[in-house]
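Trainee: mind looking at a prediction? Sequence and model below.
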There are 2 protein chains.
Amino acid sequence: MSVINKNSARLRDQERARLIWLLTTDKAVTSTLLGKLTLAEQYDVGTLADDIAEVGALVAHLPPPDLADTLEALPSEERHALWRLVQVHERGQVLLEASENVWDDLIDDMSDRDILEAMQTLDIDEQIYLVQHLPRNLTGRMLASLPAEERARVRQVMNYAKNSVGAIMEFEVIMVRPDVTLATVQRFLRRRGKMPQNTDKLFVTSRDKTLLGELTLQTILLNGSQRRVSEVMETQPMIFSPEDDAEKAARTFERDNLISASVVDSVGKLMGRVTIDEIVDVVYEETDNDMRAMGGLSAEEDVYAPVSKAVKTRWAWLAVNLCTAFIASRVIDGFEHTISQLVALASLMPIVAGIGGNTGNQTITMIVRALALQHIQPGNFSFLIFREMGVALINGLVWGGIMGCVTWWLYGDMALGGVMTLAMVLNLLMAAVMGVIIPLTMTKLGRDPAVGSSVMITAITDTGGFFIFLGLATIFLM
Amino acid sequence: MSVINKNSARLRDQERARLIWLLTTDKAVTSTLLGKLTLAEQYDVGTLADDIAEVGALVAHLPPPDLADTLEALPSEERHALWRLVQVHERGQVLLEASENVWDDLIDDMSDRDILEAMQTLDIDEQIYLVQHLPRNLTGRMLASLPAEERARVRQVMNYAKNSVGAIMEFEVIMVRPDVTLATVQRFLRRRGKMPQNTDKLFVTSRDKTLLGELTLQTILLNGSQRRVSEVMETQPMIFSPEDDAEKAARTFERDNLISASVVDSVGKLMGRVTIDEIVDVVYEETDNDMRAMGGLSAEEDVYAPVSKAVKTRWAWLAVNLCTAFIASRVIDGFEHTISQLVALASLMPIVAGIGGNTGNQTITMIVRALALQHIQPGNFSFLIFREMGVALINGLVWGGIMGCVTWWLYGDMALGGVMTLAMVLNLLMAAVMGVIIPLTMTKLGRDPAVGSSVMITAITDTGGFFIFLGLATIFLM
């Protein structure tokens, strides 16, 4: 049993954590690995040598996916130190498994020859995937080194939009003819010797590659070997076209519990297949991007990016935010006379703005999620607006009422309390309406509803909240 | 080829959209289906009858996963109308595929007998999954109707934490002995006649169920039928224990490109397996919950929940937000004297607070994501704080400097401009530090770092921003 236990997920988690701990707690480990220090310069040579030996053993023991994950979880310098320890023949696999955020960092460290060498251990679909994402100056040389057929395929894949099924499609598929027996299929497979990763089915095609059906491995194993492929194949498989949206394909995979599915061209010819592992990556990326977009964060920034990169990726949203805050500030400035007569307004106005921002963000988060899950259809538009307005009205009356009473009690001014309540109700209603309209409009304009929607709604509820509250105060209290 | 084309993902998308359109654009369709109107009462009987016939045809044609998705995308009344059209023998599958948000709604509509009937079409793992999530008053009766062995299993599964591997584990696995030949395995499979969904491998166990290895379907097909299982099985498979965290398991599935994996108890006995379809659901749910949590939205609310439910699920965050806004308001109130002497402060203070909130939310989004992806280890803590402070300092000096100059130019008061710059730098630094500390502390306390972190950081940057700006103004300008 000890053999089995050695590969539990928990143990691998521990090994990765240990590796990170060794590299990050003692700076000398990284420095020595990078050749900045020699062992002789160290005060505690024994421990350091032990640590370095352990790092080496862990790198040798951990499989590529775990090494990729560890690289992602390290600051830049430690990342380089670890990367130098990874064997050249494993580097291709590690690059493949690592997220694109860290590629720049790793590839910077390699000579062109190193890169080509690392690529050689990969199969064609993996090479295509890497080439697609390589820095431009390398793509040309890399393409030149590939055989003509592969080169054509890479060009083909690179023509599809980044978020399309075509961009994540694999070319390596196993095809069988409909008129052979299952025994023949089994002989064919044994002669072939291996199957591409995540092969749960073969594709049944005519001589001109027209897709006729699918034959799962389960079907081969469950049926008598004298049955013909055409008798047992699935004749209504789920198919995708290369132009289909990858995120929608992910929803279909989830809905139909697919492991792999065929990609066919407009006349029904088999082009390749999509597999669940690419789909899982799409799901992780999709939701990750949505969350980042709503928080005003770029997709390129990882948690270990250097300060300079972080400043560069974030400055745009900060500038937008500053502009909207400045506009809100000008609105307040317009009521300077009102505020100077009743300073209490200055301390109450952030409450009206804040509660509107909170409600607006709740609404917008829900709509963005529902759009991502394809739960909103054009017909539901007015229903959604009325529902959100109903929620806002109830919350506005309840919480606005409470806040109005508190204001009355604090300042002994009933009219001020009334203005507070009315302003909160109105701002919540506006937040609800805009929270529905903004993401739906952005979708209609073909833009991603998650990008910047949070910044926009906050700007509107701030500016609107100040205007409504101070405006009402000017009308009723001056 | 027409047969194949009928099942493309795009066509199914269109059919679902058409069904939703039919049900939502003409209220009379839903009303008639719910028996509230009779055909005779309608002014345009012909069109209505056509529409209703088309709805029926679509429901009969669409498979359960698509019906489930359509139900999720409909408002409550239309949802009920559609649900009544779903055949009793399909209802179990549809429930299984639908998200838990809509279960209440659908089950409300069914008698106990209906529910039991719907359950009968499901296999044991599916029944267990449904029973786990049923309303409490039904669980008891449902359990009573199950055979003793299944009852024990349901109880066992229900004992595992909601986010553990145990809760998503399936019991139905195919086991084979190590000493038989592949030919025997194939005969055994054919006699068995079917395999559980997502079976990509069999589990090799000893007589007492101790896991010895895994045998993929690919291995069976690629090797000669006279080979023994023990010669070709994978002896170091990835294994999970039922207490493992489901989200971490999902990361392992993604990392290692798994389709299914075994779950073993503490002494190495096979308990069941986890499959990729449950894992994909975990991924969708995990990120969905994180996004909702950060936006202050409960996981139970779907976009078609009635107003009353939405009010109930949202009031808590609104109350928290109102309290924090109230505290910020009291801070401003403490500087009433300062503001009354220089009203410009009232219009400038929201800029300081707003920019801090923006930066804080960027930082917190990034940290929450990095925590979810396990990219942060204890050793990186001080690195992260210093990195974020560096970014904040640069942004603060640049944007604070610009804003200071604008203030100087607007109000002709250089000291006021200086206070503005200094306040922005300080508030950005505080936002950066708290943006790292809040989620990391919550993780250390064993809480979900996404829940409420956005509300907390906004509260801190608002209150802190007002205090810093007005405090500096009191010191330097009064």
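Mentor: Thanks, I have the structure now.

Trainee: where along the stretch 101-250 of chain A do the strands fall?
Mentor: A:175-176, A:201-205, A:211-216, A:239-240 (DSSP state E, counting those that start in this stretch).

Trainee: could I get these as TSV with mean pLDDT?
Mentor: Shown next, in TSV, are those (pLDDT from 0 to 100):
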stretch	mean pLDDT
strand A:175-176	95
strand A:201-205	95
strand A:211-216	94
strand A:239-240	92
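
Trainee: want to throw these into JSON lines with mean neighbour count and distance to A:Ser111?
Mentor: To be clear about C-beta, it is placed using only N, CA and C from the backbone, and glycine gets the same treatment. Output for the strands of the stretch 101-250 of chain A, formatted as JSON lines (neighbours: other Cβ atoms under 10 Å in any protein chain shown; distance: least, Cβ to Cβ, whole Å):
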{"stretch": "strand A:175-176", "mean neighbour count": "17", "distance to A:Ser111": "39"}
{"stretch": "strand A:201-205", "mean neighbour count": "24", "distance to A:Ser111": "40"}
{"stretch": "strand A:211-216", "mean neighbour count": "23", "distance to A:Ser111": "43"}
{"stretch": "strand A:239-240", "mean neighbour count": "24", "distance to A:Ser111": "39"}
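
Trainee: looking at these, which is nearest to chain B?
Mentor: Nearest of the strands of the stretch 101-250 of chain A to chain B, taken as Cβ to the nearest Cβ: strand A:239-240 at 5.1 Å.

Trainee: just how off-centre is the closest one within its chain?
Mentor: Put simply, strand A:239-240 sits 23 Å off its chain's centre (Cα atoms, centre = their mean, to the nearest Å).

Trainee: do it and chain B come into contact?
Mentor: Yes - Strand A:239-240 lies within reach of chain B by Cβ under 8 Å from any Cβ of the partner chain, at A:239-240.

Trainee: next one: stretch A:422-437
Mentor: No - counting by Cβ under 8 Å from any Cβ, chain B is not contacted by stretch A:422-437; separation bottoms out at 9.2 Å.

Trainee: hmm, who's touching that stretch?
Mentor: Residues outside stretch A:422-437 that contact it (Cβ atoms under 8 Å, 6 or more residues apart in numbering or on different chains): A:351-353, A:355-357, A:359-364, A:367, A:381, A:384-385, A:388-389, A:391-393, A:395-397, A:399-400, A:403-404, A:457, A:460-461, A:464-465, A:468-469, A:472.

Trainee: cool, and stretch A:452-463?
Mentor: Residues contacting stretch A:452-463 (Cβ under 8 Å, 6+ apart): A:293-296, A:317, A:320-321, A:324-325, A:327-328, A:331, A:353, A:356-357, A:359-361, A:363-364, A:368, A:427, A:430-431, A:434-435, A:438-439, A:442, B:350, B:354, B:358, B:361.

Trainee: please apply the same query to stretch A:266-276.
Mentor: A:165, A:168-173, A:175, A:197-198, A:203, A:205, A:208-211, A:240-242, A:249, A:253, A:258-265, B:1, B:4-5, B:259, B:276, B:280.

Trainee: what is the end-to-end distance of it?
Mentor: 23 Å (Cα to Cα, to the nearest Å).

Trainee: which residues of the stretch 51-200 of chain A fall in helices?
Mentor: For the stretch 51-200 of chain A, helices defined by DSSP state H, counting those that start in this stretch occupy the ranges A:64-72, A:76-85, A:88-97, A:103-108, A:112-120, A:124-133, A:136-145, A:148-159, A:165-168, A:182-192.

Trainee: mean pLDDT for the ones you listed: which is lowest?
Mentor: Mean pLDDT values for the helices of the stretch 51-200 of chain A show the minimum at helix A:136-145, a mean of 71.

Trainee: returning to what we had before: now the buried members of the contacts of stretch A:422-437.
Mentor: Among the contacts of stretch A:422-437, those scoring as buried are A:351-353, A:355-357, A:359-364, A:367, A:384-385, A:388-389, A:391-393, A:395-396, A:399-400, A:403-404, A:457, A:460-461, A:464-465, A:468-469, A:472 (criterion: 16 or more other Cβ atoms under 10 Å in any protein chain shown).

Trainee: re the thing from before, buried only: go through the contacts of stretch A:452-463 for me.
Mentor: Buried, going by 16+ other Cβ under 10 Å: A:293-296, A:317, A:320-321, A:324-325, A:328, A:331, A:353, A:356-357, A:359-361, A:363-364, A:368, A:427, A:430-431, A:434-435, A:438-439, A:442, B:350, B:354, B:358, B:361, out of the contacts of stretch A:452-463.

Trainee: among those, which are in helices?
Mentor: Residues of these located in helices (DSSP state H): A:293-294, A:317, A:320-321, A:324-325, A:328, A:331, A:353, A:356-357, A:359-361, A:363-364, A:368, A:427, A:430-431, A:434-435, A:438-439, A:442, B:350, B:354, B:358, B:361.

Trainee: show me the helices in the stretch 201-350 of chain A, by range?
Mentor: Under DSSP H, counting those that start in this stretch, the stretch 201-350 of chain A gives helices at A:217-222, A:229-232, A:246-256, A:276-294, A:307-334, A:336-341, A:344-372.

Trainee: out of the ones you listed, which is the most enclosed?
Mentor: Stretch with highest mean neighbour count among the helices of the stretch 201-350 of chain A: helix A:344-372 (a mean of 26; mean count of other Cβ atoms under 10 Å in any protein chain shown).

Trainee: pLDDT on that one, on average?
Mentor: Mean predicted confidence for helix A:344-372 is 89.

Trainee: so which residue of the stretch 351-478 of chain A comes closest to chain B?
Mentor: For the stretch 351-478 of chain A, Cβ to the nearest Cβ, closest residue to chain B: A:Thr365, 3.2 Å.

Trainee: quickly find the element holding the nearest residue to A:Val55 once chain neighbours are set aside.
Mentor: Nearest residue to A:Val55, sequence neighbours excluded (Cβ to Cβ, 6 or more residues apart in numbering or on different chains): A:Leu22, at 5.2 Å. Element membership of A:Leu22, judged by DSSP states H and E, is helix A:9-25.

Trainee: elements contacting that helix?
Mentor: helix A:27-33, helix A:45-61, helix A:64-72, helix A:76-85, helix B:246-256 (3 or more Cβ pairs under 8 Å, 6 or more residues apart in numbering or on different chains; DSSP states H and E).

Trainee: identify whichever of those lies nearest to A:Gln226.
Mentor: helix B:246-256 (37.3 Å; Cβ to Cβ).

Trainee: other residues contacting the closest one?
Mentor: Against helix B:246-256 from outside (Cβ under 8 Å, 6+ apart): A:9, A:12-13, A:63, A:65-66, A:68-69, A:97, A:277, A:280-281, A:284, B:163-165, B:167-168, B:238, B:240, B:258, B:261, B:274, B:276, B:279, B:282-283, B:286, B:372-374.
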